[in-house]
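# Pasting the sequence and the predicted model now:
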Amino acid sequence: MIHSKFKEFGADFLLLLVAIAWGSTFFIVQAAVNETPVYTFLFWRFLLAGLIMGLISYKQLHHLTKEVVLAGGLLGLFMFLGYAFQTFGLKYTFSSTVGFITGLNVIVVPFASYLLFKHKASIFSLLGAVIAALGLYFLTLNSEIGFSLGEFYALICAIMFALHIACTDPLSKKYNIFLLVSIQFLTVALCSLFGGLALEGTVIPPVINSMFINAIVITVIFATIFAFWVQTAMQRFTTAAKTAIIFTMEPVSAGVFGYFFANEVLSSSQLWGAVLIIGGMLLAELGSYLALMYRKRAL
């Protein structure tokens, strides 16, 4: 029991590094997509990640089956739709509003896991999710949430990302990790190709400068290959609900890196939001362990 708990702690720590990796690249991506259309950027990011991951995975090709392709394609589709509806939402409402609603996947994941796979979240994970969601609200306190088209798109985005996390849990335990991740990346690249051609007319970057190249290299290595491989591999040892809570650290780390490297200002409400998110994460992480230790001492 203790050994499995330490394995779970290790998995959760690596997932925390994933959230930090995503948050640390946020301002880099934001600067890049100011010059490059979103689907064009996504196409090159995931195409290169898929090709590199494919080269890494070539010795695993004997595990390639129709079922693995369908599983990786499903995860890739959820991931792409999350990015797509997030982009659509940004056209109709504030970025802070989209960020907050997207983060509400932390609430959706436990219900999605239960409805789809009958996986019950612990009371500590549920409470941690609520606290983390409250922290997200304070982190984006300038959000003006009604329910226009932008909020509707952001809600679909949150559901897509929640389904991605919920489905990664059982699929990562069933299929080859390397192939699952490679197919996932190539699916996002293919969907981005269609999205770019349909909505942007091309997937050729308008400007290929040092900013674009640096953003692609950094996001491909850290925010894509490292992040999604770790997520897929480590979710075998933890729960989807805890993964979603840990991933709420992405906007916190984005704020920290923005403060130190992009001269962004953190308000007091954002700091309180960060504290609540960390508190929710610690409750989900340590609650069941402390309760177990308390019961053992009582005996």
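Yep, it's here.
# hey, let's count contacts and neighbours off CA atoms from now on
Will do.
# which one is Leu16 nearest to, not counting chain neighbours?
Ile246 (5.9 Å; CA to CA, 6 or more residues apart in numbering).
# Go ahead and confirm the one you found touches Ala19.
Yes - counting by CA atoms under 8 Å, Ile246 does reach Ala19; the two are 7.1 Å apart.
# out of these two, which sits in the more crowded spot?
Ile246 (30 against 25; other CA atoms under 10 Å).
# What strand or helix carries the more buried one?
Per DSSP states H and E: Ile246 is located in helix 240-247.
# try Lys173
Going by DSSP H and E, Lys173 is part of helix 149-174.
# report the angle between the axes of that helix and helix 240-247?
Angle of helix 149-174 versus helix 240-247, following axes from the mean of the first three to the mean of the last three CA atoms, to 10 degrees, is 120 degrees.
# Distance from helix 149-174 to the middle of the chain?
9 Å (CA atoms, centre = their mean, to the nearest Å).
# Tell me the helix or strand right after the lowest-mean-pLDDT helix or strand in the chain.
None of the helices or strands of the chain scores lower by mean pLDDT, DSSP states H and E than helix 95-103, at a mean of 74. Following helix 95-103 in sequence order, the next helix or strand is helix 105-117 (DSSP H and E).
# So which other helices or strands are in contact with the least confident helix or strand of the chain?
If you count contacts as 3 or more CA pairs under 8 Å, 6 or more residues apart in numbering; DSSP states H and E, helix 95-103 packs onto helix 66-92, helix 123-139, helix 149-174.
# Can you tell me, leaving aside adjacent residues, what's nearest to the residue sitting nearest the centre point of the chain?
Centroid check for the chain by CA atoms, centre = their mean gives Phe247 as the closest residue, at 6.2 Å. Using CA to CA, 6+ apart and skipping residues adjacent in sequence, the residue nearest Phe247 is Ala19, 5.2 Å away.
# Report the contact partners of the one you found.
Ala227, Ile246, Phe247, Thr248, Met249, Glu250, Ser253 (CA atoms under 8 Å, 6 or more residues apart in numbering).
# do you know how far the fourth one is from Leu276?
Using CA to CA, to the nearest Å, we find Thr248 at a distance of 10 Å from Leu276.
# same question, the third one
The spacing between Phe247 and Leu276, counted by CA to CA, is 14 Å.
# Below-threshold pLDDT in the stretch 51-200 of the chain: ranges please.
94-96, 141-147 (pLDDT under 70).
# picking up where we left off before, could you dump the helices and strands packed on helix 95-103 into CSV with mean neighbour count and distance to Ser113 added?
As requested, those are exported to CSV (neighbours: other CA atoms under 10 Å; distance: least, CA to CA, whole Å):
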stretch, mean neighbour count, distance to Ser113
helix 66-92, 20, 14
helix 123-139, 24, 12
helix 149-174, 23, 5
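# Quick check: which of those is nearest to Ser269?
helix 123-139 (5.4 Å; CA to CA).
# That closest one vs helix 95-103, what angle?
170 degrees.
# Can you name every helix or strand that helix 123-139 contacts?
So helix 123-139, by 3+ CA pairs under 8 Å, 6+ apart, packs with helix 95-103, helix 105-117, helix 240-247, helix 268-298.
# C-alpha coordinates for that helix, CSV please?
Taking Å, rounded to 0.1, in the frame of the first residue of the first chain, the C-alpha atoms of helix 123-139 are listed here in CSV:
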residue,chain,number,x,y,z
ILE,A,123,-14.0,13.0,-1.4
PHE,A,124,-10.6,14.7,-1.1
SER,A,125,-10.3,14.9,-4.9
LEU,A,126,-13.8,16.4,-5.2
LEU,A,127,-13.1,19.0,-2.5
GLY,A,128,-9.7,19.8,-4.0
ALA,A,129,-11.4,20.2,-7.4
VAL,A,130,-13.9,22.7,-6.0
ILE,A,131,-11.2,24.7,-4.2
ALA,A,132,-9.0,24.7,-7.3
ALA,A,133,-12.0,25.9,-9.4
LEU,A,134,-12.5,28.8,-6.9
GLY,A,135,-8.8,29.5,-7.2
LEU,A,136,-9.2,29.7,-11.0
TYR,A,137,-12.0,32.3,-10.5
PHE,A,138,-9.7,34.5,-8.4
LEU,A,139,-6.9,34.0,-10.9
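# any idea how far it is from the chain center?
With CA atoms, centre = their mean, you get 16 Å for helix 123-139.
# what's it in contact with?
Here helix 123-139 has contacts from 100, 103-104, 106-107, 110, 241-242, 245, 248, 252, 269-285, 287-288, using CA under 8 Å, 6+ apart.
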